[in-house]
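Asks: any chance you could fold what I've pasted below:
(2 chains)
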There are 2 protein chains.
Amino acid sequence: MEITTPTLLIDKGKCLKNIDKMLAKAERSNAILRPHFKTHHSASIGSWFKAKGISQCTVSSVSMAKYFAENGWEDITIAFPYNPLEAQEISTLASKVNLHILIESEESLKHALDHINSSVGYFIKVDVGTHRTGVDHRNKDLIQSLVNLSSDALVFKGFLAHAGHTYGSNSYDSIKWIFDGTSKILKELKEEFGGMISYGDTPSCSQIEDLSLFDELRPGNFAFYDWMQHNIGSCGIDEIAICLASPVVAIHKERNEIVIYGGAVHLSKDMIVEKDIMGKDKRCFGKTVRLSDSGWDTAIIGHVDRLSQEHGIVKLSEQEIAHIKLGDLIGVIPVHSCLAADLQGHYLSTSGERIEKMIKN
Amino acid sequence: MEITTPTLLIDKGKCLKNIDKMLAKAERSNAILRPHFKTHHSASIGSWFKAKGISQCTVSSVSMAKYFAENGWEDITIAFPYNPLEAQEISTLASKVNLHILIESEESLKHALDHINSSVGYFIKVDVGTHRTGVDHRNKDLIQSLVNLSSDALVFKGFLAHAGHTYGSNSYDSIKWIFDGTSKILKELKEEFGGMISYGDTPSCSQIEDLSLFDELRPGNFAFYDWMQHNIGSCGIDEIAICLASPVVAIHKERNEIVIYGGAVHLSKDMIVEKDIMGKDKRCFGKTVRLSDSGWDTAIIGHVDRLSQEHGIVKLSEQEIAHIKLGDLIGVIPVHSCLAADLQGHYLSTSGERIEKMIKN
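Replies: Residues are numbered from 1 along each chain as shown, chains lettered A, B, ... in the order given. Presented below is the predicted three-dimensional model:
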């Protein structure tokens, strides 16, 4: 297939290896792998997981749950706080598949009890330090009352946590420190209240070897990885499974820059701040690589320094820029693959196959 | 229409007023208004411009040009550097509509001459200080050679500039300073080489009263405006025409926060850094307002402090948070309306009408 516009390439071989590696770790830890599909939101890519024997998945919205249910997934956790306004949709979906929702207040659980007519499992979302959502783990009275509300219709399943603050880490030690603290909290809750423990986040699931404390693992990003995960230490460059093929539309040798067709509507504005060789902060919206016959090289040859809606401004060395011509394609390793994937209409596999994905309505 | 998920509301009345105001200014300045449609990418919203007598538009990609051509637009400028890989598409499109492209090197112009078979107008893109794309205005030899390549097939139309560095401004004086420098450059080029001058960017088109130097104006964002434009001084809060209606899914009074269903996949990660009352930097991904029967209030009651893929974490005062219940809808004024609009599957007008838009393939 000829590429003429920004196209998100996926290396299926790398993706399958990433799945195999995480699945092997889950098996060694005697935990269920319930991967988060918000990273790819694609039924085709979902089928790669299914072929490995994975039959449970995590999603981040009711609409994503509907999409995967329509594509044969029968056991789905919506890892997002229960939205009272979607009670009817949840009820309908739960009459068809095995559905789990997240609860973090009596108010939301009571609303669900009053408005959902099919059997739904609920996890108590625990704040393990990210301070985004979840119950304070020290609030035992609240937790006890949430457990007590379990019924035939809404069934208490256990505790769910996402240690999102590992994303602020850049060393194994700091991830291990977060992980140990989180583990202690979840272990105590399980001992006191029962139920299972479901644990997420790609940095700790990638970097911590022994995950046997948990009953279930929900990483998502690991299927693709990205530059942020590489920076955190979760993956090697050769494990990153997606890359945006981007046409070169302007060359500015006088400032060691090229302009690519590949902007905020292809990569997202997610970025990381790195240090340049002078120790100065430098924003990075993606790393550039050369494309090859089989996909892309793993040698980094520059970075996306600025982004407009459709433009990416790439800094390259004098040496590299000398080889670039207008109309060439260059690869960009996204900073955040989940958001880059969300922005695409489809993927293209490195063997030339168009891969469809969920489209926003 | 009942809102249950994040939904981008559009106030048609405000949008029409914004169009009227810019059109009146263009008419006073005796300049063509060729609005940039990358802000809304919607044929329906395009028709609101058409009803005002506007028949020319600007887009930022060939696919967007095709979409608007299919929806009755017959005079389109693709304000993005010529992409050699899309020569065939451009050629086909130019056989159907009056098409203009941007050129900034001999290499790209010669490629276009060799590969485009229908008549196309070209503008020389001039770098007026943004240093994103464009020819150095002092490089008269290059400019002369680009003008000289004009032919029956590829017709030199003039000079096009986008003073994108006005986005870094926060006062009328700095915008006026950029505007004056840019004007001088473009005036000299026109006097020396002929052709028309096409000028863009919403901050200067909104804030500078006399735009009579220019033959054509290409602002886009002004149709919607957003919090960034408000910060730059381009609009009042009451002129911002879009707002994301977002369900409240969690309340954390202990830290003056609520969690909304409305994240990076609805608002984009574009943000501005503001000062809190202690003078400390504070990131803002959107401003929150109350929704009303007719749309939304203009009083700002909080801001989106952090964003995940689907979650927005909103900081609210103790007073405000006391009135909020789970399942309420709250409004978010986006930081950057163009990117927020790109992320939606559709709009909803404040009178309840679903408005379709271009969808990525």
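Asks: up against chain B, what does the stretch 1-150 of chain A have?
Replies: Neighbours of chain B within the stretch 1-150 of chain A, by CB under 8 Å from any CB of the partner chain: A:3-5, A:38, A:60-63, A:80-86, A:89, A:104-105, A:107-108, A:111, A:131-133, A:136. C-beta: built from backbone N, CA, C; applies to glycine.
Asks: can you name the element that comes right after the lengthiest helix in chain A?
Replies: Assignment by DSSP state H gives helix A:172-193 as the longest helix of chain A. Moving toward the C-terminus from helix A:172-193, the next helix or strand (DSSP states H and E) is strand A:196-199.
Asks: quick check: which helices or strands does that following strand pack against?
Replies: Using 3 or more CB pairs under 8 Å, 6 or more residues apart in numbering or on different chains; DSSP states H and E, the elements in contact with strand A:196-199 are strand A:154-161, helix A:172-193, strand A:216-217.
Asks: would you give the sheet partners of the shortest one, along with the direction of each?
Replies: When you say that, I think you mean strand A:216-217. Paired neighbours of strand A:216-217 in the sheet (DSSP bridges): strand A:32-33 (parallel), strand A:196-199 (parallel).
Asks: among these, which is the most enclosed?
Replies: Highest mean neighbour count among these (mean count of other CB atoms under 10 Å in any protein chain shown): strand A:196-199, with a mean of 23.
Asks: got the contact list for it?
Replies: The contact list for strand A:196-199 (CB atoms under 8 Å, 6 or more residues apart in numbering or on different chains) reads A:34, A:77, A:123, A:157-163, A:182, A:186-187, A:189-190, A:205, A:211, A:213-218.
Asks: cool, stretch A:185-195 as well?
Replies: A:123-124, A:126, A:128, A:137, A:140, A:143-144, A:147, A:156-159, A:161, A:196-197, A:199, A:213-214.
Asks: repeat that with 7 Å
Replies: With CB atoms under 7 Å, 6 or more residues apart in numbering or on different chains as the test, stretch A:185-195 has contacts from A:126, A:128, A:137, A:143, A:147, A:156-159, A:161, A:197, A:199, A:213.
Asks: what residues of it count as buried?
Replies: A:185, A:186, A:189, A:190, A:193, A:195 (16 or more other CB atoms under 10 Å in any protein chain shown).
Asks: specify the strand with the largest residue count in chain A.
Replies: Longest strand of chain A, by residue count under DSSP state E: strand A:242-252.
Asks: thinking again about what came up before, any chance of the contacts of stretch A:185-195 in TSV, with pLDDT too?
Replies: Formatted as TSV, the contacts of stretch A:185-195 follow (pLDDT from 0 to 100):
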residue	pLDDT
A:126	96
A:128	89
A:137	95
A:143	98
A:147	98
A:156	98
A:157	98
A:158	98
A:159	98
A:161	96
A:197	98
A:199	96
A:213	97
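Asks: what is the nearest of those to residue A:168?
Replies: Closest approach to residue A:168 among these (CB to CB): residue A:128, at 13.7 Å.
Asks: shouldn't the closest one be in contact with residue A:165?
Replies: No. Proximity of residue A:128 to residue A:165 does not meet the contact threshold set by CB atoms under 7 Å, at 8.2 Å.
Asks: give me the more crowded residue out of those two.
Replies: Per other CB atoms under 10 Å in any protein chain shown, whichever of residue A:128 and residue A:165 has more neighbours is residue A:128, with 25 against 19.
Asks: against residue A:142, how distant is that one?
Replies: 16 Å (CB to CB, to the nearest Å).
Asks: any idea which residue sits dead centre in chain A?
Replies: Geometric centre of chain A, nearest residue: residue A:221, 3.3 Å, by CA atoms, centre = their mean.
Asks: ok, the closest residue to that residue other than its chain neighbours - contacts?
Replies: Counting by CB to CB, 6 or more residues apart in numbering or on different chains, residue A:221 lies nearest to residue A:202, which is 4.0 Å off, once chain neighbours are set aside. Contacts for residue A:202 (CB under 7 Å, 6+ apart) come out as A:219, A:220, A:221, A:222, A:229, A:234.
Asks: residues near residue A:268, how many?
Replies: The tally of other residues near residue A:268 (other CB under 10 Å) stands at 28.
Asks: surely it is in contact with residue A:338?
Replies: No. Between residue A:268 and residue A:338 there is no contact under CB under 7 Å: 8.8 Å.
Asks: so where is chain A shaky, pLDDT-wise?
Replies: Residues of chain A meeting the criterion pLDDT under 70: A:1.
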